[in-house]
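Asks: Fold the following, please.
(one chain, ligands or ions: 1)
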Amino acid sequence: MLITGASRGIGAATARCFAARGWALQLLARDGSALAAMAGDLRSQGAVVHWAAVDLSEAAGVSAGVETLLAAGGPPGVLINNAGAGYTSPLAAMSLQDWQWLVQLNVTSVLQVTRTVLPGMRRAGGGLVINISSHAAHQAFPEWGGYGMTKAALAAFSRSLALEEASQDIRVTTVTLGAVNTPLWDTPTVHADLDRRAMLDPADVAHALLQLAEQPLRQRIENLTLLPAAGAL
Ligand code: NAP
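Replies: From the prediction side, this is the model:
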């Protein structure tokens, strides 16, 4: 399986969860030292791990970065497009530069990663693409408009991709998440004061993703929504 944004948060929890089930891993994020440390740890437990440090906000390097992972590990059976940034700002105050950065990272890089992976997945006879969206795609929250726009775009992207790739036995699932207690809430582009204890745990999301990956080939789940028991925070 290939997962983006594997250096921390949901991606790191998911990588560990899949490794424990014996999946070979292809990990991507910017922070090479975090990926190297995780790879070392998981290899010592018997896992097969390849990793690549790639900045998905720089369009020019995305495809080549993914190609290095494919060259090392072959085509993945499961691709999880998880990397992304949170971002809060009133729309009227959001700079064009920030808008373009967020669209590149949260949407355009998903197109780039996916279409670099698809040819090998098709040759291998099929696979599963999971795109990580957010409850903010459907419900408006003040200052989350730019972020919600990127996650709504991702859901629309998934729906079309599912139809286009169905004949290749490639299934596409959108996972819509409510708040998850990850370092996203401490990043400089997010200003929010929510109850971290009421949020989902990254391990909850990891287990749901593993279930999706191990579902029978005869079924497809188009959307999975996972919210904290308390609902939208
Ligand atoms: P996180 O803890 O901030 O982790 C984000 C991951 O994405 C990190 O591994 C980070 O690695 C990677 N990333 C960020 N910028 C990148 C870049 N320019 N190039 C490559 N990788 C980059 O966030 P998270 O909560 O785990 O979020 C994972 C996904 O879930 C995101 O798509 C997010 O929108 C979505 N989501 C999260 C929540 C939530 O409440 N946490 C709710 C709904 C949806 P590096 O910094 O090493 O690059």
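
Asks: so where do the helices sit in this structure?
Replies: Along the chain, counting by DSSP state H, helices occupy 9-20, 32-44, 59-73, 96-103, 109-123, 145-165, 202-213.

Asks: nearest to the ligand, of those helices?
Replies: helix 9-20 (2.3 Å; C-beta to the nearest ligand atom). Yep, even glycine has a C-beta here, placed from its N, CA and C like the rest.

Asks: quick one: buried residues of that closest one?
Replies: Within helix 9-20, the residues that count as buried by 16 or more other C-beta atoms under 10 Å are 9-19.

Asks: what does that helix contact?
Replies: Contact partners of helix 9-20, identified using C-beta atoms under 8 Å, 6 or more residues apart in numbering, comprise 1, 3-6, 25, 27, 29, 34, 38, 42, 45, 47, 49, 80, 82-83, 132, 177, 180, 182-184, 202-203, 205-207, 209-210, 213.

Asks: Could you rerun that using 6 Å?
Replies: 1, 3, 5-6, 25, 27, 42, 47, 82, 182-183, 202-203, 205-206, 209-210 (C-beta atoms under 6 Å, 6 or more residues apart in numbering).

Asks: so which of the residues you listed also contact the ligand?
Replies: Among the contacts of helix 9-20, the ones lying near the ligand by C-beta under 6 Å from any ligand atom are 5-6, 82, 182-183.

Asks: Looking at these, state which has the most neighbours.
Replies: Ranked by neighbour count (other C-beta atoms under 10 Å), these have A6 at the top, with 30 neighbours.

Asks: So for that residue, what's the pLDDT?
Replies: Per-residue confidence (pLDDT) for A6: 98.

Asks: Touching, it and L27? I think so.
Replies: Yes - at 3.8 Å, A6 and L27 qualify as touching, with contact defined as C-beta atoms under 6 Å.

Asks: In CSV: the ones next to the ligand among the contacts of helix 9-20, plus distance to R159.
Replies: Listed next are the ones next to the ligand among the contacts of helix 9-20 as CSV, based on distance: C-beta to C-beta, whole Å:
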residue, distance to R159
G5, 22
A6, 25
N82, 19
T182, 26
P183, 30
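
Asks: ok, the closest residue to P202 other than its chain neighbours to V78 distance?
Replies: For P202, ignoring the flanking residues on the chain, the nearest one in space by C-beta to C-beta, 6 or more residues apart in numbering is A13 at 3.7 Å. The gap separating A13 from V78 is 16 Å, by C-beta to C-beta, to the nearest Å.

Asks: That's all I had, so thanks and see you.
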